[in-house]
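S.K.: Requesting a structural model of the entry that follows:
(4 chains)
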Protein chains: 2
Amino acid sequence: MGRKRLQPSADGRPTVHTVAARAGVSIASASRVLNGIGGSPETVRRVREAAAEVGYVPNAIARSLQAQRTGLVALAVADIGNPVYVAMMRAIEAVVASSGRQLLVHATGGEIDSETDLLRRLANRYVDGMIMSPIRITDRHLDAIVLSPVPVVVVGQLPDDAPVDNVRTDSRAGVALAVDHLVAAGRQRIGFVNGPLDTVPGAARDAGFRAALASHGIPVDERLIEVGDFQYAAGRDAATRLFARAEPDALLCANDLIAVGALHALLTDRRRVPEDVALVGMDDTELAQMAFPQLSSVSLGSAARGRRAAELLLERIADPALPPRREHVAPSLVVRASSAVDHPVRGGSAAVDDLTGGGSAAVDAPVRGGSAAPRRPRTAPASRPGTPAAPAGGPVGVPS
Amino acid sequence: MGRKRLQPSADGRPTVHTVAARAGVSIASASRVLNGIGGSPETVRRVREAAAEVGYVPNAIARSLQAQRTGLVALAVADIGNPVYVAMMRAIEAVVASSGRQLLVHATGGEIDSETDLLRRLANRYVDGMIMSPIRITDRHLDAIVLSPVPVVVVGQLPDDAPVDNVRTDSRAGVALAVDHLVAAGRQRIGFVNGPLDTVPGAARDAGFRAALASHGIPVDERLIEVGDFQYAAGRDAATRLFARAEPDALLCANDLIAVGALHALLTDRRRVPEDVALVGMDDTELAQMAFPQLSSVSLGSAARGRRAAELLLERIADPALPPRREHVAPSLVVRASSAVDHPVRGGSAAVDDLTGGGSAAVDAPVRGGSAAPRRPRTAPASRPGTPAAPAGGPVGVPS
DNA sequence: AGACTCCCCGGAAACGTTTACAAGTCCGGA
DNA sequence: TCCGGACTTGTAAACGTTTCCGGGGAGTCT
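M.R.: Okay, the predicted model is just below:
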């Protein structure tokens, strides 16, 4: 009864040949049994037994080569430390899983080489499709995407003529929502901490900020604008610099990481939020709810965008002949304690308005609307189909 | 000059056959040219030209089948929203990238089915190796791991007889460091917010907490212990409940997410941190530095564990015959404002001691040492090789 | 009883690469 | 002139799986 090796793979692991030989059947029969299609009871028993004895595990690569699909979908994001991607990823994961596939995430660090490399390597059949959310879009990206053998959906702004599925938001309009809110609350000297201007979201938010001020007849004061990267430390340092040279009564930050950094700087300086300075972030991530006081934040619908991107991808995998599609998710503003003037608090710190216990943090009622509109009544959350909130086609935010 | 299809793949995309036919050479020559080995100048030119004309992109799956490797490594974590995994992932990524491979991340949600599924699917040759950090370890996990055709390294505590590479920390000793610190600062009524007791880190921290109190002769008061999950909201709610029924003067939290949630509850209740309540988290993630006041936290060396796990994995990929290895990373305590009594502050809020601007947030000097030692002078950061800080082999924390 | 259907099985051909091997060409040197 | 080496090329065999197809046996209906 010595174990005789029957056509194992190169490294000695059993293959379907091994199982078939041991069961005394052909590889075709073995494969059928292992896939649960057909086979006489006796054959099934023998194959199952043989497979168990040798510890057979099918080679997924070989299977994929034959089946022309892997059952895997990839998501490429720039910075996995940014919670906005976490929200997006969860939404994507849910959709992808419901189609019986698995989601893999890859962090590119925002480097162009890394991103195009990824497209070259992963998209060349390792996955059935890919969602990417680059913060810079270059021709290299576009070339790599159109060359890719598998469908790619981009979350974020693309050139209008790019034949690529994408889902975007309008972060210019999002910035306008925040500025409108602050102006309506009587703030006049609004500071702005942005990310790099050579990124898509950075450029859009800069343009949006200037346009929003203009729409209120407020002149732009360059001393109230700081640029760093989209990280916590940058926000903290930028806010420190900004307050060292100017005295804004409100601060808008290009994402929540920056806003939390700025909040740290403000509290360190013993400034009261929102009494001395109203603070508004963007992306409406978990961080906004975790901060104290909780941060107002412009929701760019990251979950909705992720979900929609995943749906687009699945549709395209099912039918590659579909024409390129472009979808919009409208931004909305979520007002929390950091800019709430409705419930000003006398004592040392600011008020919180939605911490009444309960399960996981509830999302506050968002304010939604066009760019130059003043205060509006609260409505339902974003992600209505169509209806971009402002001049359509504006660049989108991190991670769009 | 009409484009004639020359043996394209099933879905119409060009294969090496297409290129070879168009260039008028054999597929062997085409393959060699495309891989940059050999070929006469004329052949090289013709093949390159043909490849460019048809837009040839090699099929990575087919290549992998032949080469018996994919150049991909996977990391499976339970909760990608927990920053401790971000730190770990960055460390792993660096090592993996230096070997010319790419890292893919998969979030399992901590579900056993999802994790074993992943092992079945991914580890069956889709990747060259895998690092996983499950918070529960079941027999199903172990079976799946030993059955896996590709190397698997586990970050976290495993049964001692499991023939699996793993790198762990000693979170019992980590808890002891925190308790020692609080006791040395004169705190006597130490509350504890833990994660689920049926998880490996939850169980270890519970045991560590009770043992640490005992070592100081402090009786365990069950009213000072709360259990939730390892999330922000759970920490906030647990802290609220805990303070509603008891009045601790210090609070230890099983990870930083919980600690930030607890901080939120404390500040909402107008309690001063650290004057009224000293607060200590675990994992020493970015969150600890982003909170205000900054959180003291027990570093479990997540980056060091990640790096080491990646190194182990690469070594095993290179030589699968290696015996199973087990490595330890010693915990250390990083003291920040939330438990710093050295610099008490009179006014409303607490002091911060390392916000002097500068680049990205610097890591504070950690306190390192055995379990029952009182306060020690500050030393260099953790991750020295060897030297577990306490009874070796204790269970490890989230994510270990 | 013959024809027909149904089911099970095995041989062989895919899927798209890389690569071992043999054969061919060209050149220089003996 | 002939031989040996260097180089190039093509044929064919892998890698491990699924699946088409045809053959054969057993059962059923006419």
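
S.K.: tell me the SS of the closest residue to DNA strand C within the stretch 101-250 of chain A?
M.R.: Nearest to DNA strand C, among the residues of the stretch 101-250 of chain A, is residue A:125, at 7.9 Å (CB to the nearest atom of the strand). For every residue, glycine as well, the C-beta is placed using N, CA and C. Secondary structure state of residue A:125, per DSSP: H, G, I helix; E, B strand; the rest coil, is coil.

S.K.: my guess is it meets residue A:148, correct?
M.R.: No - using CB atoms under 8 Å, residue A:125 makes no contact with residue A:148, being 9.9 Å away.

S.K.: Between the two, which has more neighbouring residues?
M.R.: residue A:125 (25 against 19; other CB atoms under 10 Å in any protein chain shown).

S.K.: residues touching residue A:14, list them.
M.R.: Residues near residue A:14 by CB atoms under 8 Å, 6 or more residues apart in numbering or on different chains: A:8, A:54-57.

S.K.: measure the nearest residue to it once chain neighbours are set aside to residue B:136 for me?
M.R.: Closest residue in space to residue A:14, ignoring its immediate chain neighbours: residue A:54 at 4.1 Å, by CB to CB, 6 or more residues apart in numbering or on different chains. Separation of residue A:54 from residue B:136 (CB to CB, to the nearest Å): 30 Å.

S.K.: Ok, residue A:100 next?
M.R.: Residue A:100 sits 24 Å away from residue B:136, going by CB to CB.

S.K.: So between the two, which is more surrounded?
M.R.: Between residue A:100 and residue B:136, counting by other CB under 10 Å, residue B:136 is the more crowded of the two (19 against 7).

S.K.: Quick check: the gap between the residue nearest to the more buried one when sequence neighbours are not counted and residue B:190.
M.R.: Excluding the flanking residues, the one nearest residue B:136 by CB to CB, 6+ apart is residue B:199, at 5.4 Å. According to CB to CB, residue B:199 and residue B:190 sit 21 Å apart.

S.K.: Could you do residue A:265 as well?
M.R.: 32 Å.

S.K.: Run through who's touching the host helix or strand of residue A:241.
M.R.: Using DSSP states H and E, residue A:241 falls within helix A:232-245. Identification of contacts with helix A:232-245 by CB under 8 Å, 6+ apart yields A:191, A:193, A:195, A:223-224, A:226-228, A:248, A:251, A:253, A:257-262, A:264-266, A:269, A:271, B:286, B:289-290, B:355, B:357-361.

S.K.: Tell me which residues are up against the helix or strand following it.
M.R.: Downstream of helix A:232-245, the first helix or strand assigned by DSSP H and E is strand A:250-253. Applying CB under 8 Å, 6+ apart, the external contacts of strand A:250-253 come out as A:175, A:178-179, A:182, A:185, A:187, A:189-193, A:209, A:235, A:239, A:242, A:259, A:262, A:266, A:277-282, A:339.

S.K.: Okay, now the sheet partners of strand A:250-253, with direction.
M.R.: strand A:190-194 (parallel), strand A:278-282 (parallel) (DSSP bridges).

S.K.: Now mean neighbour count and distance to DNA strand D too, for those strands, in a markdown table please.
M.R.: Supplementary listing: those in a markdown table, determined by neighbours: other CB atoms under 10 Å in any protein chain shown; distance: least, CB to the nearest atom of the strand, whole Å:
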| stretch | mean neighbour count | distance to DNA strand D |
| --- | --- | --- |
| strand A:190-194 | 27 | 51 |
| strand A:278-282 | 30 | 47 |
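
S.K.: now the ones you listed as JSON lines including mean pLDDT and distance to DNA strand C?
M.R.: Below are these laid out as JSON lines (pLDDT from 0 to 100; distance: least, CB to the nearest atom of the strand, whole Å):
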{"stretch": "strand A:190-194", "mean pLDDT": "98", "distance to DNA strand C": "44"}
{"stretch": "strand A:278-282", "mean pLDDT": "98", "distance to DNA strand C": "43"}
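
S.K.: In CSV: the ones you listed, plus distance to residue A:82.
M.R.: Converted to CSV, the strands paired with strand A:250-253 look like this (distance: least, CB to CB, whole Å):
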stretch, distance to residue A:82
strand A:190-194, 15
strand A:278-282, 11
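
S.K.: Out of those strands, flag the one nearest residue A:67.
M.R.: strand A:278-282 (42.6 Å; CB to CB).

S.K.: Skipping adjacent residues, who's closest to residue A:110 in space?
M.R.: Per CB to CB, 6+ apart, closest to residue A:110 is residue A:78, 3.8 Å.

S.K.: Do you know the pLDDT at the one you found?
M.R.: Looking at residue A:78, its pLDDT stands at 91.

S.K.: hey, where'd the strands end up in chain A?
M.R.: Using DSSP state E, the strands of chain A run over residues A:72-77, A:102-107, A:129-133, A:152-155, A:165-169, A:190-194, A:225-227, A:250-253, A:278-282, A:296-299, A:326-329, A:332-334, A:366-367.

S.K.: least reliable of the ones you listed going by mean pLDDT?
M.R.: For the strands of chain A, where the average pLDDT is lowest is strand A:366-367, sitting at a mean of 52.

S.K.: Might you list the low-confidence residue ranges for chain A?
M.R.: Residues of chain A meeting the criterion pLDDT under 70: A:1-10, A:342-400.

S.K.: Going along the chain, name the helices of it.
M.R.: A:16-23, A:27-34, A:41-54, A:60-67, A:83-98, A:112-122, A:139-147, A:171-184, A:200-215, A:232-245, A:256-268, A:286-290, A:302-318 (DSSP state H).

S.K.: residues touching residue A:133, list them.
M.R.: By CB under 8 Å, 6+ apart, the contact set of residue A:133 is A:75-78, A:85, A:88, A:154-156, A:399-400.

S.K.: give me the residue from the stretch 151-300 of chain A nearest DNA strand D.
M.R.: residue A:151 (21.2 Å).

S.K.: What's the local residue count around that residue?
M.R.: For residue A:151, using other CB under 10 Å, the count is 25.

S.K.: can I assume it is in contact with residue A:318?
M.R.: No - using CB under 8 Å, residue A:151 is not in contact with residue A:318, being 9.7 Å away.

S.K.: Those residues of the stretch 51-200 of chain A touching DNA strand C, which are they?
M.R.: With CB under 7 Å from any atom of the strand as the criterion, the stretch 51-200 of chain A meets DNA strand C at residues A:62, A:65-66, A:68.

S.K.: Derive a ChimeraX selection command for the buried subset of those.
M.R.: A single ChimeraX command selects the buried members of those (16 or more other CB atoms under 10 Å in any protein chain shown):
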select /A:62,65
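
S.K.: For the residues of the stretch 51-200 of chain A next to DNA strand C, please prepare CSV with the additional fields distance to DNA strand D.
M.R.: Output for these, formatted as CSV (distance: CB to the nearest atom of the strand, whole Å):
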residue, distance to DNA strand D
A:62, 3
A:65, 4
A:66, 4
A:68, 9
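
S.K.: from the residues of the stretch 51-200 of chain A next to DNA strand C, which single one is nearest residue B:41?
M.R.: Taking CB to CB as the measure, residue B:41 lies nearest residue A:65 of these, at 33.2 Å.

S.K.: Quick one: residues contacting the closest one.
M.R.: By CB under 8 Å, 6+ apart, the neighbours of residue A:65 are B:59, B:61-62, B:65.

S.K.: Thanks again, I'm all set now.
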